[in-house]
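A.B. asks: My questions concern the predicted model and sequence given below.
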Amino acid sequence: MNTLISKRQYNRITIWTAIFLLLFAFIQIIAQYHFFYMEQWQTFYYESSFIKNVLLQPGGLAFLSADFLVQFFCLPYCGALLLSLLLLVTAYYLSRIIDYIIPHSHLTYLSLLPILSLLFLQITNNKYNMAGSVAFMFMVVALYYYTIKKSLKVRIFYSVITSIVLFVTVGPVATLFAVCVLLHGLFADIRHSYYYILPILFVFIMASISVCLGFAGDYKNLFLLDYYFYQSDDAPSFAYQSWILMAILYMTCLLLKKVDHLQLTRTKIFQTLQILLIIVFGYFNYKSVYVPKEETFMRFTYYLRMRQWDNIKKLSENMDMSNYLFQVCHNIALAEKGELAEHLLDYPQEGLASIYLSDNITSPDVAMLVSDEYFSMGCIAMSQHWAFEANESMGDVSPYCFQRLAQTNLIFGAYKVADKYLSILDNTLFYNSWADSQRKFLYHDKAIEQDPFLSSKRKCIFPENCFGGQYGIDYDLQRIIDHNPDYKPAIQYLGSMYILINDMDKFDALIRRYYKTKALPTLPKSFRLIVDKYHINLNDSIH
């Protein structure tokens, strides 16, 4: 008997280890850069007011736990590791529920179906907060301990208290718990089924209190998955797949429990069929919701954030570059290396949108990309504006935006504001050292003037009494060229824009004005090709 138990435990450990390794490898391969993206917009701040504000909302514990985990996503492999562990714990407790209700059915592997739904939701939807996955895990654990209760009174008392606690600590997933409790009453204890309505009633009461206190504008967000999405966006229909599968699986187990002494013969064949079902289900979800281009975009933006220009160029050489967002990232890298005007026409370009996105800002990540391109151009005010907009639209918690806002305020000499953003980053685990490195510039103009990076950006600030962007990007870039001719990206961007919109009159005026000056001592290849094509006369250049 001891040998049998040991063998059974060994097999169980082996199977769950194999599941974990498969999850980790799969997630790391297809979503490596998705985790860097998540960390950019969702991190943990070791500051009492931040913790208090998060905890005081319904589901605060789930959101705070998710933020704590996400802060480690800036480290390679940590995102895949932590998400795999989270999903593994959820699947394990779900399998325990199945084994407890129908112990001899060998349906354990079906516990992976809701987990696969969660996995694809987490790695394919940028607006889904990891708090939703954390909350689902807490719900499954709570449901397991509910399921093993034998006494009716204990079960009802536990379900009511747990539904309230789940709503307060992890949010609307309490609705799913209450639904599962009701299913238990309908299919396993029909005589007392009216007692099992109590958890749903108490969830409704808690939601009503939350609406009255202003935590959400309507009941929908406090009952459903929408609550776990940024910007109060409605959850897509796919998001509910995990909840629906969870309820169906729980109900199926309760129905099969009524079959006396259920024990499936040919266990290995049946388990193989389950594995095939899981593979087919996973493949269907992969083909339905996973978009490789989104992962590629996140890879581009990660390289932008890390200023890894050569990696962007290398990635562009092995990629279909018909996407204008990819082209923007590539053009920023070329500009930062001083090669934009040299190689502009060597790569696919979709017109002005390939280099300038002011009219195509559809999401916070695109807004931050706009901030990056303005920063590269030397338009510091507009870069600051879009970093602020991106940060606000994602809940005012983006470390990348805080870094940009700190830098731009240092460049402007707004040291008090810069200090505010650096103080926020002081309260993070992985950005406090960067914040410390920037403090030497506070209230120290000379230190900024001696720093090659910050001083080159500060010299781009033109003294004319106007707001950045007030008279158009070409006006701003021309002022930057006049005040800082050493800053080469400005004239490369401006000339490239004129080429991409085919405005030869302005391109002609630009070349004649700056050719053989400090701003444009020689003609780069793309400029020279256009000069030759349109027979632009450079003999009467204005100096």
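C.D. replies: Looks like it came in fine.
A.B. asks: Quick one: end-to-end distance for stretch 347-365.
C.D. replies: 24 Å (CA to CA, to the nearest Å).
A.B. asks: just how off-centre is the helix or strand of the chain with the lowest mean pLDDT within its chain?
C.D. replies: Across the helices and strands of the chain, mean pLDDT, DSSP states H and E gives its lowest value to helix 219-223, namely a mean of 81. Averaging C-alpha positions (CA atoms, centre = their mean, to the nearest Å) puts helix 219-223 23 Å from its chain's average.
A.B. asks: next structured bit after it?
C.D. replies: Downstream of helix 219-223, the next assigned helix or strand under DSSP states H and E is helix 241-257.
A.B. asks: Pull the residues that contact that following helix.
C.D. replies: Here helix 241-257 makes contact (CB atoms under 8 Å, 6 or more residues apart in numbering) with 94, 97-98, 101-102, 105, 107, 110-111, 113-115, 117-118, 121, 136, 140, 143, 176, 179-180, 183-184, 187-188, 225, 262, 285. Where C-beta positions appear, they are placed from N, C-alpha and C, glycine not excepted.
A.B. asks: Go again with 6 Å.
C.D. replies: Residues from elsewhere that reach helix 241-257, judged by CB atoms under 6 Å, 6 or more residues apart in numbering: 98, 101-102, 113-114, 117-118, 176, 179-180, 183, 187-188, 262.
A.B. asks: Now the two most distant members of those residues.
C.D. replies: Spatial extent of the contacts of helix 241-257 (CB to CB) is set by the pair L118 and L262 at 27.7 Å.
A.B. asks: In terms of packing, which of the two has more residues around it?
C.D. replies: Neighbour totals were compared for L118 and L262, and L118 leads with 25 against 14 (other CB atoms under 10 Å).
A.B. asks: Now the host helix or strand of that one: buried residues?
C.D. replies: Using DSSP H and E, L118 falls within helix 112-124. Within helix 112-124, the residues that count as buried by 16 or more other CB atoms under 10 Å are 112-124.
A.B. asks: Show me the strands in the stretch 301-450 of the chain, by range?
C.D. replies: Under the criterion DSSP state E, counting those that start in this stretch, the stretch 301-450 of the chain contains no strands.
A.B. asks: For the nearest residue to V370 once chain neighbours are set aside, give its distance to K268.
C.D. replies: Among residues not flanking V370 along the chain, W386 sits closest, at 4.6 Å (CB to CB, 6 or more residues apart in numbering). To K268, W386 is 58 Å away according to CB to CB, to the nearest Å.
A.B. asks: ditto for E373
C.D. replies: 58 Å.
A.B. asks: If you count surrounding residues, which of those two has more?
C.D. replies: More crowded of E373 and K268, by other CB under 10 Å: E373, with 23 against 8.
A.B. asks: for that one, what are its contacts?
C.D. replies: Per CB under 6 Å, 6+ apart, neighbours of E373: I332.
A.B. asks: pLDDT wise, what is it at?
C.D. replies: The per-residue pLDDT reported for E373 equals 95.
A.B. asks: picking that back up, tell me the mean pLDDT for the helix holding L118?
C.D. replies: Here helix 112-124 scores 96 as its mean pLDDT.
A.B. asks: hey, C-alpha coordinates of it in CSV?
C.D. replies: Provided in CSV are the C-alpha atoms of helix 112-124 (Å, rounded to 0.1, in the frame of the first residue of the first chain):
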residue,chain,number,x,y,z
LEU,A,112,-6.5,22.8,-17.8
LEU,A,113,-9.3,24.0,-20.1
PRO,A,114,-10.2,27.2,-18.1
ILE,A,115,-6.5,27.7,-17.4
LEU,A,116,-5.7,27.8,-21.1
SER,A,117,-8.5,30.4,-21.6
LEU,A,118,-6.9,32.5,-18.9
LEU,A,119,-3.5,32.1,-20.4
PHE,A,120,-4.5,33.4,-23.8
LEU,A,121,-6.6,36.2,-22.3
GLN,A,122,-3.6,37.3,-20.3
ILE,A,123,-1.0,37.3,-23.1
THR,A,124,-3.2,38.6,-25.9
